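Asks: got a predicted model here, sequence first, then my questions.
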Amino acid sequence: MIRDSLHSDKEVSIDRILLIPVPDMEIHGLWTREVDLLVPRYNVVFTNDSFTRQLYLERGIKVIEPEMYKREVLSATEVRARISKGGAWKKLVTNETARFIEEIGGVERIRHIYNLS
């Protein structure tokens, strides 16, 4: 979803972007070291997660908290909630993301999960 959305944006050069999935770990203190092993060298971390911020600050790494844009509606939680209720969710994501969610049966999967709770 991210790669397709970035690729469709003519102002973004996808050739300069490296997307690397980082698995979650049970041992939080080791998670930042796992990131070190997976990604190229870095000296700043961008996050709005307070726990991630704390872990990196403890290591002496600069942390920048980007300003959130319309966070009350532009969040995965809101998108999933709207999908589960049959609401207007597509306007909250890129066309590429909406297409991907539909292609993988994401709408049905999300509705099924929400109905279980």
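Replies: The structure has been received and is ready for your questions.
Asks: roughly how far is the helix or strand His112 falls within from the heart of the chain?
Replies: Counting by DSSP states H and E, the element that carries His112 is helix 106-116. Here helix 106-116 is found 20 Å from its chain centre; the criterion is C-alpha atoms, centre = their mean, to the nearest Å.
Asks: stretch 94-110 now?
Replies: 15 Å.
Asks: give me the buried positions along it.
Replies: Neighbour counts over stretch 94-110 (16 or more other C-beta atoms under 10 Å) mark 94, 96-98, 100-101, 106, 110 as buried. From N, CA and C alone the C-beta is placed, and that goes for glycine too.
Asks: could you chop the chain up by domain?
Replies: 13-64, 76-116 (automatic domain parsing).
Asks: for Ile2, find the nearest of these.
Replies: domain 13-64 (5.9 Å; C-beta to C-beta).
Asks: next, the distance between the ends of the closest one.
Replies: 23 Å (C-alpha to C-alpha, to the nearest Å).
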